[in-house]
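[1] please work out how this folds:
(2 chains)
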Amino acid sequence: MSKSDHPQSSSRRAALKTLGAAGAAATLPLWARYTHAQTAAPIRIGFQKHATGIGAAYGRWYDRTSQAAVAKINGEGGINGRMIELVTEDDGTDPKRGAEVIEKFANQSKCDIAFGTLFSHVVIGSAPRAGELKLPYFVVSEGHHVASGMLNRWTLQPGITDVKSQVQAMAPFITDTLGKKVTMIYPDYGFGYDHRDNLVPAVQAAGGEIVAQIAIPPTETSFTKYFPQIPRETEVIYHVMVGPAVLTFVKEMGEFFGPSRPEIFGFIDSLEAVDLASPGLDFLEGTYFWEGMPRYLQADAPAYVTAYRDAVGIDANGASTSDPKDVSTAAHMFGCWETLHIIKAGMEAAGYSSTADRQALVEAVEAMTEMPAGAAHPQGDKLFNGRTHQVFGPQYISKVESGKLNVTHVAPIEDTLYPDEVDYTTQSF
Amino acid sequence: MRWLIHLSLLLSPGMAAAHASEQGFVLLLPTDLYIAGGVAAVALTVLLVAAVPDRAARRLFRPVPLWPAARRRRGGWPSLLSALWLWWLIWRGLSGSQDPTVNPLPLVIWTAVWLCLVIAQALVGDLWRALNPWTGLWARLGRPRPLQYPRALGHWPALLGLFAIAGFLLADPAPARPERLALAAGGYWALNMAGTLAFGPRWLLSAEALTVLMRAYSGLALPGRWRGRRAIGLSGWRHLARADPPMALALFMVAMLAAGSFDGLNETFWWLARLGVNPLEFPGRSAVVLPTLAGLALAWAGLAALFAASLHAGAILAEDARPTPGLLRAFAPTLLPIAFAYHFAHYLPAMLVEGQYLLLMLNDPAGTGANLLGLAGMQVTTGIFNSRDTVRVIWLTQAGAVVLGHVVAILMAHVRALAHFATPRQALLSQVPLALFMVLYTLFGLWLLAAPRGA
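    Alright, predicted model coming up:
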């Protein structure tokens, strides 16, 4: 592990660079010092981090990925020659605190923009404040709340795809490859409903049929009584269980089916940051998962993917290079890397020089469309929709083989698109 | 979406926490069997104690005297350095990174002091006497004591202070946010400095919650002073050698266990269901401030009532007319080993993670790029929560601590009873309800460790 991987040291290094620039400026004549100081001052990006609360495991990896992206961008000259400085605030994975953090970025810590965060309720709690304060707010949340029109013109999600496009893109693969008769097992609340509401029409459109919907109460920790509800005709089980009991769910499903099971398809959200080689998860061998970005290094991975993984510090199994048991949140955290690169591209396109250019920045990002895969977009090609403020990209379907996830199908961007539900560009700033 | 996620965070003092899979693995462990084993061990202790001759029982807690102990004065340099360090930390809290995993203030206050120093107190003795941030400055200023501490106040201000600290820790939306903690710690320090300058160290010993708590825990340490000599004995001997605490201090001890028990209960699916909160989409601490405060108060009142009822029932069985308040004072210290065990068990996973952040901070305390401990580049890991083997070791360590705490508590209570009741038979009968209480509390503690958590 190199020193630059360390979150503290990289932000510190950025700060030291700034100090160095300030020292150099002191030798210049007064007028030059003024203009130089203007351009050399760092761009302050307020980073809303789940440092505490139920999102802390994600927050740690979002932080690590963001620090790595900032180190890379700064190493390549920053944004318009200015270094990025991440100003981290803990949102406690708490919507009310999220809004307070946004306010602090805008009013107290003089941030140029705000960036973060994962949990939907925090984004939904924070975005209205960002709108009122006219602070560009770049979220990495995966929720459909941006594209649904629920938020505002100052909130954008250009670095990670939303759940609606993810779920609907799974349907063709499920019905074409795994089977037409699908039973859904999902937790009985909002997260599960997102999957139900998007998958049912998508499977029907793809010529399949949902033969049963089994909603499981969130407080359940044993599942054996639900499995008999799975119809015999079921060819595919689609599961999106989450929570501490998810390992128990997998184990009990394995015990229920034994060796003869239907095809099984899940969302990696259930097992994000969990080692698939864990005892009890053997039953998942041969089953399929959606992944936002492959956790395991694929044989045909391009150089920019390995460069991204090395920069963040994850090994071929998607675990920390300093501890092979410390599995990352690989399916989501790439969004931080891509978002920071989009912020850079947007600021450079807008000629961003001060907070007076915030509106120009939002307009510059709204004008973006195609973002080719590469060092800035290691997850793959992207298509940004400026009207809905939402990005679209490829979706990965991986099969568990020898305790590892191997990509077997990549759903193309076309499969992930859906009609616009909002046009933020018609809203005033 | 991000309604998801598994995590089960053991909120340590509102700080970062454990991990997705730890809870998942705990749910896969045969915790029912472990719990049965733990409860059986405590129940067996009760039976054994009943069978042990009284003299042997008393001898259990008799310390072994060592060398003569030197007289100690309050107010040395370590305390003054603590104060200077605290001011620096407060300044860092206000001016440094607002990431609680990086800023030294929350790492020192919550991880180093609240998690680790409390544990050290209970194992090796009263380090706080030297390290508190008040007596050093007081001594430098000429040891003023212009006012007499009002006797009537007793330990009641400390009890109030304990509620304030526990309330802040458990219910405040952001107890680890550096700026907020800086104000809280600064205010707390100033208030108690003023009290110390007015009343001398007596203020700290009676009215300042942290010192009272630290002293209560240090009474569990193996080494101590006995008849002018250093001595060493079974955990709890120092409390048994002391006079019964006054009522406010006894209630303070009950509150220590109540706060420790509720900090844990408030994260369970069970508690969240009481609040009507979906444990898989915890709405954040902001949303549960009042229920948490109410729960804390209820836990204290409920525990005090249950404990008093057990003592009262014991006195009836023993046909002893002693009033319950006196019994509560006599037996409250026997709850301390349990409180300590809860503290250790609850915070063990958090210590394993926060300890890494603390080390990284100490490696570079001022954020200047220093590498004092040679840890530069170290990445914090939660990998220990990602395998069944390590999770099992952690869980059994926690459970072992809980069981051991109850065993020591039962032994202490038995010896206390022998001293308080006229005949050994009365002492034994008086302990039946209390023993039942402790066996059930073991069950509760182990259930708490195994229960799914969502906040």
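[2] not counting sequence-adjacent ones, nearest residue to residue A:282?
    Taking CB to CB, 6 or more residues apart in numbering or on different chains, and ignoring the residues beside it in sequence, residue A:282 has residue A:254 as its nearest neighbour in space, at 7.3 Å. (Each C-beta comes from the backbone N, C-alpha and C, glycine too.)
[3] any residues touching the one helix or strand that neighbour maps to, and which ones?
    Per DSSP states H and E, residue A:254 falls inside helix A:246-257. Helix A:246-257 is contacted by residues A:221-224, A:227, A:237, A:239, A:241, A:264, A:270-271, A:274, A:278, A:280-284, B:6, B:21, B:24-25, B:27-28 when judged by CB atoms under 8 Å, 6 or more residues apart in numbering or on different chains.
[4] list the buried residues in that helix.
    A:246-254 (16 or more other CB atoms under 10 Å in any protein chain shown).
[5] ok, then the element right after it?
    Using DSSP H and E, the helix or strand that follows helix A:246-257 towards the C-terminus is strand A:263-267.
[6] now the angle from that next one to helix A:246-257?
    Orientation note: strand A:263-267 sits at an angle of 170 degrees relative to helix A:246-257 (axes from the mean of the first three to the mean of the last three CA atoms, to 10 degrees).
[7] strand A:263-267 - contacts with which helices or strands?
    Under the contact criterion of 3 or more CB pairs under 8 Å, 6 or more residues apart in numbering or on different chains; DSSP states H and E, strand A:263-267 touches strand A:236-239, strand A:288-291.
[8] the next helix or strand after the last one close to chain B?
    It stands for strand A:288-291. Counting by DSSP H and E, the element after strand A:288-291 in chain order, helix or strand, is helix A:303-312. No: figure legend: helix A:303-312 not in contact with chain B (CB under 8 Å from any CB of the partner chain); closest approach 10.4 Å.
[9] alpha carbons of helix A:303-312, as CSV, please.
    Only the C-alpha atoms of helix A:303-312 are listed here, as CSV (Å, rounded to 0.1, in the frame of the first residue of the first chain):
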residue,chain,number,x,y,z
ALA,A,303,-6.0,-1.4,-17.9
TYR,A,304,-8.1,1.5,-16.7
VAL,A,305,-10.1,-0.8,-14.5
THR,A,306,-6.9,-2.2,-12.9
ALA,A,307,-5.6,1.3,-12.5
TYR,A,308,-8.8,2.3,-10.7
ARG,A,309,-8.7,-0.8,-8.4
ASP,A,310,-5.0,-0.2,-7.6
ALA,A,311,-5.7,3.5,-6.8
VAL,A,312,-8.5,2.6,-4.4
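[10] which positions in the stretch 351-455 of chain B make contact with chain A?
    Going by CB under 8 Å from any CB, the residues of the stretch 351-455 of chain B near chain A are B:360, B:364, B:367-369, B:376-384, B:386-388, B:390, B:452-455.
[11] put the buried members of the residues you listed into a ChimeraX selection.
    In ChimeraX syntax, the buried subset of these is picked out as below (16+ other CB under 10 Å):
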select /B:360,364,367,376,377,378,379,380,381,382,383,384,386,387,388,390,452,453,454,455
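[12] OK, contacts around the residue in the stretch 301-450 of chain B positioned nearest to chain A?
    Closest contact between the stretch 301-450 of chain B and chain A, by CB to the nearest CB, is at residue B:383 (3.0 Å). For residue B:383, the contacting residues are A:319-320, A:323-327, by CB under 8 Å, 6+ apart.
[13] re earlier: pLDDT score assigned to the residue nearest to residue A:282?
    Residue A:254 carries a pLDDT value of 90.
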